[in-house]
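Student: the following block contains a protein sequence and its predicted model.
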There are 2 protein chains.
Amino acid sequence: MIIIDGGITSPKGFMAAGVGAGIKKDKLDMAVIYSELPAISATAYTQNRARAAPIEVMMRDNSKVLRAFVINSGNANALTGEKGIEDARKMQQMVAEQMHLDVMEVGVASTGVIGRFLPMDLVAKGIVQACNELDRSVEANIDTAKAIMTTDTKMKSVACQVNLRDGTLVTVAGIAKGSGMISPAMRTLHATTLSFVTTDAHLERDPNSQWQRIMDSSFNVINVDGDQSTNDISVFMANGAAKGMPADDDPSFWEAVLWVAKSLAKAVAIDGEGATKLIEVVVTGAKDDQEARVAARSIVASNLVKAAVFGADPNFGRILAALGNSGSDFDISKVRLRLSNGKAVSLFENGSPLIVPGSNEENVARNILKEKRILIELELGVGIGRGEAWGCDLSYEYVKINASYTT
Amino acid sequence: MIIIDGGITSPKGFMAAGVGAGIKKDKLDMAVIYSELPAISATAYTQNRARAAPIEVMMRDNSKVLRAFVINSGNANALTGEKGIEDARKMQQMVAEQMHLDVMEVGVASTGVIGRFLPMDLVAKGIVQACNELDRSVEANIDTAKAIMTTDTKMKSVACQVNLRDGTLVTVAGIAKGSGMISPAMRTLHATTLSFVTTDAHLERDPNSQWQRIMDSSFNVINVDGDQSTNDISVFMANGAAKGMPADDDPSFWEAVLWVAKSLAKAVAIDGEGATKLIEVVVTGAKDDQEARVAARSIVASNLVKAAVFGADPNFGRILAALGNSGSDFDISKVRLRLSNGKAVSLFENGSPLIVPGSNEENVARNILKEKRILIELELGVGIGRGEAWGCDLSYEYVKINASYTT
């Protein structure tokens, strides 16, 4: 697998555009992704029961094949009742009309403020413009990635290529947004981070269960603030334009898709609202992989761990307290806790703390915590389960951003 | 029931003392509560699996009758291995020796920094001093309440009296501490907020299930930061010194105990680390009381709701998003959301938002959110279940306190 300098339209047969429709002031806020061929799709949705109108519409449609996807930022179209549902449907219809598609072949997603009606006149103009500007250019890739952003400070876009067993060269690309209200627990079938992964691989079977497995090791293990959004959605589209033998059972292909999903998920974590540092947690020795992920996620979700990392305070007891709250099994006498970033320091072993206040080890720990990327390694001592999770620190800036989001 | 100006020793037969043993610098940090008569007890403990040494010791003892309780602040004696267990046992033994009690009649609790060994020389001196200074004075009540505090800005102490059916006058009093790492889910039998409720009521039966019921409507519905502590404990002691008929089945008595527990729990919520406002949530129309409490607690636990309240931002969508994440059942078309504080404003009804940006209603909502005490009323429309929860806003100060707790 090689990483390429590309974007959402790098896989063959995809086009995209991002435009400014005026939903947000002077910023790109509407995107359309289009596939020249029907794309076999899998979509994961938020499990928040107060789901947004576009999520509701997509779940009702449950389309297995998509040709286009329309996305707006600046307004979540969430908690907007029947009118919200109608507006989401209109967005699908407008794209279908412009691109001569069936409504069921058009996906729809929104992100932004909750509880406000969409300005449909602006949305309508934006859709016409985006459909007219569909392209495969570097600019189109960048504008599309930017148009789905809200409080994000950086666009999130990755692409890679992999050779399948029959020699076919397949491209996988993805874009994502997400900065606050990040605690996804997306389920396929029934994920406010939005992410879109495109590929020209040729698939013959429903990729749903593979997509769920990939979600559980990527977007579903990141946490910015513990608030699962009303609008999370994560879309996979494979249009087969690369031709060749079916990729359904090719491990290299799914590795490439997993890499794209993980890269985007980490990019969302590091761009968490107000974040100054990326926290990576690797849990080993759990009863099984699921318990390892739950433990890792519990640690990156702890406000106290996040605030301590922000302040570079080696208050490691909070990490183990978060483990204790996760519900995952561990043997405290066998638990080992290590902080690292180039340098490494052991904090806890054999049921007891290894560092004391004022010690050299405490200083090493403090220096590691001053880095931009902190690795927490935790061994639970009860099995061979392994899991990772990614999050960010809790800063003054997070409070500032969220104390005045709508005003 | 009448509220009295008293403290932890207001019920007959109780004495207490709070002293400065030097665990914290220039602050009270050790307390002993003593009952002249054996007190029937119920204790609720944290469900965090990384439980502190004193919690472990208390759970092993499972004593149903207590004569004394020793508490230190400044050091949680948590994640301290076998040495921590030995130290907790020594604290019990020292009090037992001083007061001529059996070790099993002495309870022990700690709160403070996690992962450090107790300075047992200081603890030993503190215990001797506290046991010598046991008293029923106003000063003893105040010192005891202060000695269990950590980042608390205010002491939490309440007392009330109630006449039982047979005319017996019974006093119920309580003290509590807690400011950060507050998300208790305490279970009797096997609860870092510490709370101690004393009463001179005469009980004949194990008060465990009553105490659990009271926990579930008081301490278990408060949330400061979502981090359940390693050290939460909530102790009820009834020594019978008021004499009279048994109070086990007297509703007035349990109402008084519930009032004490609720008052202390609210006091912990409003004194949450960095808190500037108390958030009270009342949920009605839930499937049952349990689902109502879960929904209410999910709202006070949301970082996004907390930050919006801090900034007086009427971003009500976050309240409904938190409801959606709670797992509690609701009918969005029947959901009603209201903010009030003297004035009141309806935010959501019939599946749709009632306020639009820039409207007069939005201004009313913003003004309510500027108050120190905000009531959120939420009707779910699926039953008659009712529940409450209390929390606080998320401020810059919370981040500051927790970015440098040990340093």
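Tutor: That came through, no problem.
Student: what lines up beside the strand ranked longest in chain A in the sheet?
Tutor: Longest strand of chain A, by residue count under DSSP state E: strand A:30-45. If you go by DSSP bridges, strand A:30-45 pairs up with strand A:14-19 (antiparallel), strand A:65-75 (antiparallel), strand A:187-188 (antiparallel), strand A:233-238 (antiparallel).
Student: got these as JSON lines, with mean pLDDT and mean neighbour count columns?
Tutor: The C-beta positions use only the backbone N, C-alpha and C, and glycine is treated the same way. Output for the strands paired with strand A:30-45, formatted as JSON lines (pLDDT from 0 to 100; neighbours: other CB atoms under 10 Å in any protein chain shown):
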{"stretch": "strand A:14-19", "mean pLDDT": "96", "mean neighbour count": "26"}
{"stretch": "strand A:65-75", "mean pLDDT": "94", "mean neighbour count": "25"}
{"stretch": "strand A:187-188", "mean pLDDT": "56", "mean neighbour count": "18"}
{"stretch": "strand A:233-238", "mean pLDDT": "89", "mean neighbour count": "28"}
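Student: where does chain A have low pLDDT?
Tutor: Low-confidence segments of chain A, defined by pLDDT under 70: A:180-192, A:225-226, A:405-407.
Student: show me how chain A divides into domains.
Tutor: Domain ranges of chain A: A:2-268, A:278-403, per automatic domain parsing.
Student: let's have these in CSV, adding distance to residue B:333.
Tutor: Output for the domains of chain A, formatted as CSV (distance: least, CB to CB, whole Å):
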stretch, distance to residue B:333
domain A:2-268, 8
domain A:278-403, 29
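Student: now do the strands in the stretch 151-300 of chain A.
Tutor: A:156-163, A:169-177, A:187-188, A:194-199, A:222-223, A:233-238, A:278-286 (DSSP state E, counting those that start in this stretch).
Student: what strands line up against the fifth one, and which way round?
Tutor: Taking DSSP bridges as the criterion, strand A:222-223 forms sheet pairs with strand A:385-392 (parallel).
Student: so which bits of the strand it pairs with are buried?
Tutor: Using 16 or more other CB atoms under 10 Å in any protein chain shown as the test for burial, strand A:385-392 gives A:385, A:387, A:388, A:389, A:390, A:391, A:392.
Student: contact partners for the residue nearest to the fifth one when sequence neighbours are not counted?
Tutor: Spatial nearest neighbour of residue A:390, excluding adjacent residues (CB to CB, 6 or more residues apart in numbering or on different chains): residue A:269 at 4.0 Å. Each residue near residue A:269 by CB atoms under 8 Å, 6 or more residues apart in numbering or on different chains is listed here: A:182, A:222, A:223, A:224, A:275, A:278, A:279, A:300, A:390, A:391, A:392.
Student: for the residue of the stretch 51-200 of chain A found nearest chain B, what are its contacts?
Tutor: Here the stretch 51-200 of chain A gets closest to chain B at one residue, residue A:114, 2.5 Å apart by CB to the nearest CB. Residue A:114 sits next to A:52, A:76, A:78, A:79, A:230, B:315, B:317, B:318, B:320, B:321 when contact means CB under 8 Å, 6+ apart.
Student: before we move on, back to that, closest to residue A:211 out of the contacts of residue A:269?
Tutor: residue A:222 (16.5 Å; CB to CB).
Student: get me the contact residues on the stretch 1-150 of chain A for chain B.
Tutor: By CB under 8 Å from any CB of the partner chain, the residues of the stretch 1-150 of chain A that approach chain B are A:48-51, A:76, A:78-83, A:113-117.
Student: again, 6 Å this time
Tutor: Contacts of the stretch 1-150 of chain A with chain B, taken as CB under 6 Å from any CB of the partner chain, map to A:48, A:49, A:50, A:79, A:81, A:114, A:115.
Student: how far does stretch A:37-45 sit from its chain's centre?
Tutor: Between the centre of stretch A:37-45 and the centre of its chain there are 16 Å (CA atoms, centre = their mean, to the nearest Å).
Student: so which bits of that stretch are buried?
Tutor: A:37, A:39, A:40, A:41, A:42, A:43, A:44, A:45.
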